[in-house]
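Chemist: Give the three-dimensional model of this entry:
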Amino acid sequence: MYQVLIADDEKIIRMGLSGIIDWNSEGFSVSGQAANGRDALDYILTNQPDVVLIDIRMPLMTGLDVIRQARENGFKGRVIVLSGFSDFEYAKTAISYGVLAYLTKPVDKEALLQGLRKAKSELDEEKRQKHSKDSFLSKTRKSLLRGFLLGELDLREEEIRDLSLTHSSYQVLFCEDYAKDKKGSYRLADILRVANPNERELESITIDDRDVLLLKGHHPIERLKTLLGKYENELPPEDNSPLDQVFIACGSVVEHVGDIPRSYQEALLLLEHRFFAYRGQHAMVYDPSVYPAPDYDTEQEMLSENEKKEITEHFVSEYTERLINLLQVFNRKQIAETLHEMELYLQQSCPLSVDDQKKLLMDLAFSIKDKLLRLYNQTEIPFRSGVEVVEFFRNSHFLYELILFFTEQFDHIMTALGYTSRDNIIDDVISYIDHNYSTNITLETIAPLFGYNSSYLGKIFSRKMGQNFNTYLDILRVEKAKDILATTKAPVYRVAEMVGYRNVDYFHIKFKKYTGSSPAEYRKQILSS
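Modeler: Residues are numbered from 1 along each chain as shown. Alright, predicted model coming up:
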């Protein structure tokens with residue numbers, strides 16, 4: 001049985017909650033009750049119940065303060081918040097404390113049951129995972145490798161031999177399901193083992209419920225490189241294929257055993273940066289010029305709450321004003337560029353955590369909504385409800401999803417304000433391509449910025465330009481590459497990168513297709529003439 005605390009200052013509500021459902025049949029037992037916030041916090045810290053049902057407004061301490069202090073003191077249980085009113089600010093704060101559900105009074109029995117069953121499902125899974133983790137930790141070899149990767153211990157010579165760490169190169173990678181909400185049917189370890197039957201060349205373990213692979217030696221590392229090359233050729237993996245169902249984060253290839261934990265930390269860093277992955281991205285490879293060197297010997301300096309608040313308020317104030325002005329003049333091009341600027345700042349410069357960035361963007365959405373409602377109080381604008389917005393941000397896994405949310409909302413807003421002309425949309429798209437051809441742009445990533453789905457935008461692009469999007473982009477990139485080849489001594493692989501090709505072989509193919517010669521031959525012809 002999982003233990004439940006009911007905290008509410010009204011005795012009749014505590015009694016009602018105790019009797020509204022058959023707790024035992026649902027797998028729970030009401031182990032305690034509290035009539036004020038102070039008693040609730042004391043009970044939580046002393047007894048560590050599995051589930052807490054708590055009212056927001058109580059004597060001595062509010063429910064939100066109880067949750068916050070309990071979390072700060074290490075409480076990991078599930079929390080269901082009860083409230084006599086619907087307040088989006090309270091809901092946002094509660095979500096930031098990791099509550100399971102936010103229910104308004106009078107409490108609906110079915111809604112409460114749904115929240116409890118979700119809590120039980122998570123608790124059951126947590127218990128199963130803990131048992132599985134304890135089981136593999138009991139195996140000395142796995143435990144030894146885990147401690148080594150985490151930098152918790154150094155290996156002796158006999159342990160290095162036992163783990164077969166006698167190769168010339170190593171690489172650590174994480175693999176997880178590509179779809180966050182859908183379990184894939186393939187494991188990368190199994191895919192790599194097909195080409196690497198030698199068990200001594202591949203080690204797979206689980207750390208913090210994540211699949212970790214250690215590749216040992218030239219052969220498995222080259223096999224992985226070949227697999228990753230399929231992502232680099234501008235061609236997405238086939239639907240439901242093994243590569244379509246996995247996401248891979250790779251650390252550097254290292255030559256010395258002592259550097260393996262660094263490769264692990266690099267791969268882990270990329271996994272934590274997956275929030276910033278572009279749509280359809282299946283793999284990230286550590287690049288020291290893009291990502292900071294992981295430092296796991298010292299604790300990262302944490303921002304204070306005042307610093308977080310200052311960053312958030314400045315961001316929300318600046319972008320609310322800019323975007324409101326652009327919406328009122330229906331400037332789609334500048335809106336798209338401003339959203340892209342926001343995206344780059346969050347990816348590269350913003351010191352806030354992913355959760356804090358999601359909250360920052362949610363605050364921006366509410367700020368824009370509030371200001372427009374004041375400016376156009378006689379106009380019916382189809383805003384999403386506050387609850388819908390909070391739920392959407394809570395369940396979003398990627399930054400591009402949140403940027404797309406703003407794009408779609410702005411399209412609806414401009415339509416409501418009277419914007420109907422879209423004749424110049426392709427001119428705006430062309431301008432955007434001309435300024436961003438060197439980045440990893442695709443029709444799928446551009447379309448949402450202009451309020452279209454990729455299929456429809458592709459059709460009107462081809463109709464107006466007389467060629468499809470990819471052809472236009474390839475020709476533009478080749479023309480830019482010709483200029484660089486003729487005016488600089490940059491190596492060909494670097495020229496490929498400068499014009500937006502991530503794979504130099506693919507660049508060779510496209511360059512020869514549109515010029516009739518290879519990049520090196522073209523440069524030689526230019527120099528000789």
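Chemist: going forward, measure contacts and count neighbours with C-alpha atoms only.
Modeler: Fine.
Chemist: got the buried residues for stretch 115-135?
Modeler: Residues G115, L116, A119, K120, L123 are the ones in stretch 115-135 that count as buried (16 or more other CA atoms under 10 Å).
Chemist: Export those residues to TSV and append columns for secondary structure and distance to F247.
Modeler: TSV is the format used below for those (DSSP: H, G, I helix; E, B strand; the rest coil; distance: CA to CA, whole Å):
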residue	secondary structure	distance to F247
G115	helix	30
L116	helix	32
A119	helix	28
K120	helix	29
L123	helix	26
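Chemist: closest to L372 among these?
Modeler: G115 (35.1 Å; CA to CA).
Chemist: My read is that that closest one contacts R78, right?
Modeler: No: in this structure, G115 is not within contact of R78 by CA atoms under 8 Å, at 9.8 Å.
Chemist: Name the residues contacting each of those two.
Modeler: Taking CA atoms under 8 Å, 6 or more residues apart in numbering as the criterion, G115 and R78 both touch L100.
Chemist: Tell me which stretches of the chain form strands.
Modeler: 2-7, 28-34, 51-55, 78-83, 101-104, 170-177, 202-207, 210-216, 246-254, 283-285 (DSSP state E).
Chemist: contact partners of stretch 513-523?
Modeler: I475, V478, K482, L485, A486, V492, H508, F511, K512.
Chemist: What subset of those is buried?
Modeler: Neighbour counting by 16+ other CA under 10 Å classes I475, V478, K482, L485, V492, H508, F511 among the contacts of stretch 513-523 as buried.
Chemist: Among the residues you listed, which ones are in helices?
Modeler: With DSSP state H as the criterion, helices contain I475, V478, K482, L485, V492, H508, F511 from among the buried ones among the contacts of stretch 513-523.
Chemist: For the residues you listed, please prepare JSON lines with the additional fields pLDDT and distance to E401.
Modeler: Formatted as JSON lines, those follow (pLDDT from 0 to 100; distance: CA to CA, whole Å):
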{"residue": "I475", "pLDDT": "95", "distance to E401": "30"}
{"residue": "V478", "pLDDT": "96", "distance to E401": "31"}
{"residue": "K482", "pLDDT": "95", "distance to E401": "36"}
{"residue": "L485", "pLDDT": "94", "distance to E401": "37"}
{"residue": "V492", "pLDDT": "92", "distance to E401": "35"}
{"residue": "H508", "pLDDT": "93", "distance to E401": "33"}
{"residue": "F511", "pLDDT": "94", "distance to E401": "34"}
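Chemist: Just the closest of the residues you listed to S438, please.
Modeler: Among those, and counting by CA to CA, the member closest to S438 is V478, at 11.1 Å.
Chemist: For L213, give me its contacts.
Modeler: Residues near L213 by CA under 8 Å, 6+ apart: V172, L173, F174, C175, A189, L202, E203, S204, I205.
Chemist: Equivalent analysis for T445, please.
Modeler: Y278, R279.
Chemist: Try it again at 10 Å.
Modeler: For T445, the contact set (CA atoms under 10 Å, 6 or more residues apart in numbering) comprises Y278, R279, G280, Y400, L404, N453, S454.
Chemist: any idea how far the last one lies from I425?
Modeler: Yep, that's S454 we're talking about. In this view, S454 and I425 are 13 Å apart by CA to CA, to the nearest Å.
Chemist: With only the CA atoms kept, save stretch 489-496 in CSV.
Modeler: These are the backbone C-alpha positions of stretch 489-496, laid out as CSV (Å, rounded to 0.1, in the frame of the first residue of the first chain):
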residue,chain,number,x,y,z
LYS,A,489,42.1,29.5,-49.6
ALA,A,490,39.7,27.8,-47.2
PRO,A,491,39.8,24.0,-47.6
VAL,A,492,36.9,22.3,-49.3
TYR,A,493,35.4,20.7,-46.2
ARG,A,494,35.4,24.2,-44.5
VAL,A,495,33.7,25.7,-47.6
ALA,A,496,31.0,23.0,-47.3
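Chemist: all helices of the stretch 351-500 of the chain, in order?
Modeler: 354-375, 386-395, 399-416, 425-436, 443-446, 454-465, 469-487, 492-498 (DSSP state H, counting those that start in this stretch).
Chemist: and L372, what pLDDT?
Modeler: What the model reports for L372 is a pLDDT of 90.
Chemist: cool, and S143?
Modeler: At S143, the model reports a pLDDT of 84.
Chemist: Now do the residue nearest the centre of the chain, the pLDDT please.
Modeler: The centre of the chain sits closest to F275, judged by CA atoms, centre = their mean, with a distance of 2.0 Å. With respect to pLDDT, F275 has a value of 89.
Chemist: dump the residue contacts of it.
Modeler: Q347, V354, S396, H397, F398, L399, Y400, E401.
Chemist: let's see 7 Å
Modeler: Counting by CA atoms under 7 Å, 6 or more residues apart in numbering, F275 makes contact with H397, F398, L399.
Chemist: Next: Y437.
Modeler: Y437 touches R477, V499, G500, counting by CA under 7 Å, 6+ apart.
Chemist: same question, L364
Modeler: With contacts defined as CA under 7 Å, 6+ apart, L364 is in contact with V316, T320.
Chemist: What's the separation between it and I403?
Modeler: Taking CA to CA, one finds L364 at 12 Å from I403.
Chemist: Kindly report the same for S29.
Modeler: Look at S29 and I403: by CA to CA, they are 44 Å apart.
Chemist: can you check I12 too?
Modeler: Separation of I12 from I403 (CA to CA): 46 Å.
Chemist: Between these two, which is the more surrounded one?
Modeler: Of the pair I12 and I403, I403 is the one with more neighbours under other CA atoms under 10 Å, namely 19 against 10.
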